Each structure stands twice: as C-alpha cells, then as structure tokens.
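Peer 1: return a 3D structure for these sequence lines:
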Amino acid sequence: MKTKPSRCALAFFCLALMLVAACNRKQQEPAPDHPRLTSAVILRDITFHSASLKRDMQYRVILPVSLAPGKKLPVIYLLHGGGGGFHDWSNYSDVAHYAEENFLLVMPEGNSSYYTNSTERPDDRYEDYIVNDLIADVENRFPVVSGRSNRAIVGVSMGGFGAVKIVLRHPELYAFAAGISPALDVPSRPFSIKRIQQWRFHSSIFGPWGSQARRDNDPFVLARSADPAKMPYLFLTCGEQEGLLPTNRAFAALLEKRHFQYEFHTTHGGHDWNQWNGWLPDLFQSLSKHTNSAVEGRTKIKQEKAHTITL
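Peer 2: Predicted coordinates for the structure are as follows:
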C-alpha cells in the first residue's frame with residue numbers, strides 16, 4: 001500500500017527546489033561591475049574575434065582622456081587571476097590612476113586558462129590569443145607605440161603565472177613582466193587525492209604528469225634553459241601568509257643563480273586584492289626604470305597642447 005507524502009515532506013521538497021533555483025540564478029548573474037576611475041581617464045570594453053580561440057573575446061582598456069597631438073602610448077597588459085574576469089583589475093585595484101601617466105592599460109578575458117594552450121581542447125589556445133591576436137587588435141585599434149621596449153605584461157595569481165610563463169617563452173615581445181603572487185608551481189604540482197578535481201583540471205590544460213607539455217609551460221624549466229641576457233626585467237612579489245611563498249622564494253633563488261635581471265619582494269598579507277593593490281606604486285616605479293616607457297606624470301601632460309581622444 002502506497003502512502004502519500006506528508007505535507008511537511010512536500011514543503012521541504014519545494015523549499016529545496018527553491019534554494020537550488022536561487023543558487024543557479026546567483027551563479028548565472030554576472031558580478032557587479034564598478035570600475036575605479038578618475039575624471040582623467042576613459043574606459044572602453046572591446047569585443048573582437050580571436051583566430052586562436054575561434055570565438056569572440058572581450059578586453060577592457062583604460063587610457064588618458066587627453067593626449068598631445070601625435071602622442072602614442074606604451075601598453076601594459078594586465079592578466080586576472082583564476083575565477084576572475086577582465087573586469088577585475090579595474091574593479092578591485094587602483095590601476096586606472098596610472099593611465100593618467102600616459103599608459104594604455106589592457107585587461108583581457110582569460111577565463112580559467114592559465115593563459116596556456118590547452119592540451120585537451122584544441123580551440124583553447126589562450127597563449128596564442130594573448131601574444132598574437134590581442135596584441136594585434138590593440139595595436140590596430142588604439143594609439144600605441146609598437147615594439148618590445150614599449151610593452152609590459154603583469155598578472156596576479158593565475159595571471160602572474162601567465163605573465164611570467166609567457167615572457168619566458170616570448171622574451172622578444174615584452175620589456176618588463178610582473179608576477180604578483182604568481183602560481184608558478186601549477187605545472188609541477190604532484191597528484192593529491194585532496195585536490196583531485198584541481199588535478200584533473202590542470203591536467204586538461206598542461207597534459208599528463210611528466211609530459212613534454214608540462215615542461216614546456218613550467219616557469220622553473222623555462223628559466224633554467226633561458227638566456228638571461230635576452231629576458232625582460234622581472235618584478236615578483238608574494239604575501240608572507242600565502243601558501244605560494246616557498247615556491248616564489250625558490251623561483252627567485254633560481255633567477256639569482258642564473259643572473260636574471262629581477263627583483264623579489266614579500267610583505268605581510270594573504271592572497272587577495274588588498275595585498276596586490278598595495279604593490280602598484282612600487283611596480284610602476286620599477287617599470288618606469290626598466291623600460292623606455294618612463295612615467296611622464298600629469299604635470300607634463302598639462303604643459304603639452306592636448307586634445308581629447310574620441311573612440
């Protein structure tokens with residue numbers, strides 16, 4: 001004999017369905033977009049077709065409102081971390097202030113790619129997208145100075161890994177690179193049953209353990225075989241409360257041993273934007289010293305005959 005479900009059970013079941021639906025809606029809703037801007041800069045979100053990824057991709061650009069006639073800007077590519085998106089740099093840091101000092105800031109969407117050509121998904125060629133498609137589109141669309149000496153790449157966490165790994169593989173493209181809390185050990189992380197989902201995901205990008213694809217994307221392997229004289233200047237930081245600190249110390253020691261041009265800093269802090277944002281003054285000071293893109297500052301901009309950019 002079948003029994004009818006109690007009213008209490010039905011009510012519980014309906015409540016569970018409502019909670020699941022609410023969670024799904026929350027996951028689908030985009031994160032709020034509240035960029036930290038000043039009146040001296042403008043922001044543009046661009047959608048373009050990436051040949052490497054075979055789909056449309058987005059990136060955000062911040063640049064000064066006014067430029068002297070004929071003036072072109074050096075470019076800084078800013079890579080977001082895992083679980084983030086192309087809005088992150090403008091929403092969670094004060095990086096927009098540095099566009100006032102005659103820089104074009106470019107923030108591409110990287111999804112959770114580690115800015116690497118995936119071994120399992122042929123259409124996810126994220127490294128090629130960054131170094132080929134993105135640079136070409138930016139230089140075709142905006143008033144920028146082309147060439148290595150006027151190009152830098154900076155990233156946090158997953159993006160820090162991407163920035164360091166990309167310049168080690170393509171030193172001819174960038175004069176300066178910064179890894180802020182970079183996850184440099186991802187390709188060499190051993191299997192852990194506690195992180196089996198992460199292991200599977202990383203394997204889909206970097207390939208099986210011990211594979212050539214992993215070695216080709218491992219910053220430690222790349223740094224051991226690179227010619228330090230041809231490498232860009234590297235700016236590295238890590239919080240002292242981060243699990244990534246031993247990895248970053250080991251990488252800095254390798255750079256020292258191989259006579260790279262670099263600097264490595266630590267500070268009290270965890271793996272978050274509060275710590276990362278605090279590094280921007282030092283980062284841009286170092287960038288201005290080690291590239292041809294010296295910071296000009298607002299005083300000089302005001303002294304020049306300026307015009308408003310229309311895009």
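Peer 1: before we move on, what SS does L78 have?
Peer 2: Under DSSP: H, G, I helix; E, B strand; the rest coil, L78 falls in the strand class.
Peer 1: same check, this time on G82
Peer 2: Relying on three-state DSSP, one would call G82 coil.
Peer 1: my guess is it contacts S157, does it?
Peer 2: Yes. Taking Cβ atoms under 8 Å as the definition, G82 is a contact partner of S157 at 6.1 Å. The C-beta positions use only the backbone N, C-alpha and C, and glycine is treated the same way.
Peer 1: compare neighbour counts for those two and give me the winner.
Peer 2: Taking other Cβ atoms under 10 Å, G82 and S157 do not tie; S157 has more neighbours (23 against 17).
Peer 1: ignoring the adjacent residues along the chain, who's closest to the more buried one?
Peer 2: With sequence-adjacent residues excluded and distances taken as Cβ to Cβ, 6 or more residues apart in numbering, S157 is closest to G81, at 3.4 Å.
Peer 1: next one: that neighbour from D94, what distance?
Peer 2: G81 sits 17 Å away from D94, going by Cβ to Cβ, to the nearest Å.
Peer 1: higher neighbour count, the two?
Peer 2: Neighbours per residue, other Cβ under 10 Å: of G81 and D94, the larger number sits with G81, 27 against 14.
Peer 1: correct me, but the more buried one touches A163?
Peer 2: No. Look at G81 against A163 with Cβ under 8 Å: they stay out of range, at 11.1 Å.
Peer 1: okay, and the common contacts of those two?
Peer 2: G155 (Cβ atoms under 8 Å, 6 or more residues apart in numbering).
Peer 1: check which helix or strand the residue lying closest to D282 once chain neighbours are set aside maps to.
Peer 2: Spatially, and ignoring its direct neighbours in sequence, D282 is nearest to H265 (7.1 Å; Cβ to Cβ, 6+ apart). Using DSSP states H and E, H265 maps to strand 262-267.
Peer 1: list of residues touching the helix or strand following that strand?
Peer 2: Scanning forward in sequence from strand 262-267 by DSSP H and E, the next helix or strand is helix 273-278. Contact partners of helix 273-278, identified using Cβ under 8 Å, 6+ apart, comprise D88, Y92, S93, D94, V156, I180, S181, G239, T267, G269.
Peer 1: quick one: which two of those residues are the most distant?
Peer 2: D88 and T267 (20.4 Å; Cβ to Cβ).
Peer 1: who has more neighbours out of these two?
Peer 2: Counting neighbours by other Cβ under 10 Å for D88 and for T267 shows that D88 has the greater number, 22 against 13.
Peer 1: mind listing the residues bridging to F48?
Peer 2: M57 (DSSP bridges).
Peer 1: how far away is it from P108?
Peer 2: From F48 to P108 the distance is 10 Å (Cβ to Cβ).
Peer 1: more neighbours, these two?
Peer 2: Shown here are F48 and P108; by other Cβ under 10 Å, P108 has more neighbours (27 against 15).
Peer 1: next one: the residue positioned nearest the centre of the chain, what pLDDT does it get?
Peer 2: Centroid-nearest residue in the chain, with Cα atoms, centre = their mean: L79, separated by 1.3 Å. Looking at L79, its pLDDT is 98.
Peer 1: how about it, nearest residue that isn't a chain neighbour?
Peer 2: Per Cβ to Cβ, 6+ apart, closest to L79 is G159, 3.0 Å.
Peer 1: quick one: strands adjacent to the strand holding H265?
Peer 2: When DSSP bridges is applied, strand 262-267 pairs with strand 233-239 (parallel).
Peer 1: ok, then the element right after the partner strand?
Peer 2: helix 245-257.
Peer 1: in three-state terms, label the residue nearest to L79 for me.
Peer 2: helix.
Peer 1: could you count how many residues lie near it?
Peer 2: By other Cβ under 10 Å, neighbour count at G159 equals 32.
Peer 1: surely it meets T116?
Peer 2: No. Between G159 and T116 there is no contact under Cβ under 8 Å: 11.8 Å.
Peer 1: sec struct for Q198, please.
Peer 2: helix.
Peer 1: in contact with it: list those residues for me.
Peer 2: S192.
Peer 1: with T38 instead?
Peer 2: A96, H97, E100.
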